[in-house]
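In: everything below, folded, please.
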Amino acid sequence: MHQHGGVAVDCAPGIIYVDPNEVPGRARFHGARSEVFYVSLPRGVLASCGSRLDRMLRGTAPLTPQWRLFSRYARALHDEMAGLSTDEALRCAVHVQDLALLALGADRDSAEQARGRGGRAARLAAIKSDIETHLTEPCLSVEWITSRHRISERYLRALFAGEETSFRDYVTARRLLLAYRELTDPAASHRSVADIALSCGFGDVSWFNALFKRAFAATPRDVRALAAAGVTRAPAFRDAPAGRPRPA
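Out: Coordinates of the predicted model:
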């Protein structure tokens, strides 16, 4: 990278380059393949970084833990943007800005505010990604997640409470949606409902059936029969508490 007012800078893998994009410059790529993830932020959003930002312009920074949080969250937002409403996308954009403030070293007040918003959002995004990766594994639990992410159970509860749910209910909902997809997949038509329930992380088939009916207003067999008849519909998911249903 070579921008007006600066010197030529080599950007190796794992490097952040802070680009004043109103300044003309030139980028030259070497090798058979180069991968660049570019995020543009309004200069006014970063004003609280003051001289720290000025010193970094036209230069590089190592991929610190703060920059890694920024990069991972921004990439995840890029991948999911098409499925977000305008309001949701705007809220997520604020989180990206907050993580940039933390990485750049904003003033104390701004950093505290950013840590409260962007830090929590990035942490929750990382936990949700971990949940998806290990969704059907028996090890997935509050204790396992808090140990992996080095947080307290109280903090984990607060993260999910901010989305008006709980860790257990969130995991259950994701497993139910996975089961729904399996039940409507023609390639899985030879598998029994019990087999699908167990493979999706439910240890009790009767409990799974009750939760499934509560969530989708239909039994697993009903959903499978409709799919077999060629009737397709998006799952109308309703709240499904993760605790065992009480007898009627």
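In: give the rounded mean pLDDT of stretch 211-218.
Out: The pLDDT scores in stretch 211-218 average 89.
In: now that stretch, how far from the centre of its chain.
Out: 26 Å (C-alpha atoms, centre = their mean, to the nearest Å).
In: next up, the contacts around the residue minimising distance to the centre of the chain.
Out: Geometric centre of the chain, nearest residue: A125, 3.3 Å, by C-alpha atoms, centre = their mean. Shown in contact with A125 (C-beta atoms under 8 Å, 6 or more residues apart in numbering): 72-73, 76. (C-beta placed from N, C-alpha, C; glycine too.)
In: can you rerun that using 7 Å?
Out: 73, 76 (C-beta atoms under 7 Å, 6 or more residues apart in numbering).
In: over to L135?
Out: 174-175, 178, 201.
In: phi, psi of L57?
Out: phi -60, psi 140 (degrees, to the nearest 10).
In: revised request: answer the last question for A32.
Out: The phi/psi pair for A32 (degrees, to the nearest 10) is phi -70, psi -30.
In: quick check: it vs A89, distance?
Out: Counting by C-beta to C-beta, to the nearest Å, the gap from A32 to A89 is 34 Å.
In: name the helix or strand for the residue nearest to the centre of the chain, please.
Out: Here A125, judged by DSSP states H and E, is contained in helix 120-133.
In: other SSEs contacting the helix or strand just after that helix?
Out: Downstream of helix 120-133, the next assigned helix or strand under DSSP H and E is helix 142-149. Counting contacts by 3 or more C-beta pairs under 7 Å, 6 or more residues apart in numbering; DSSP states H and E, helix 142-149 is packed against helix 120-133, helix 153-161.
In: winner for burial among the ones you listed?
Out: Counting by mean count of other C-beta atoms under 10 Å, helix 120-133 has the highest mean neighbour count of the helices and strands packed on helix 142-149, with a mean of 16.
In: quick one, what contacts M1?
Out: Contacts for M1 (C-beta under 7 Å, 6+ apart) come out as 9, 11, 17, 25, 27.
In: wait, I meant I131
Out: Taking C-beta under 7 Å, 6+ apart as the test, what I131 contacts is 140, 171, 174.
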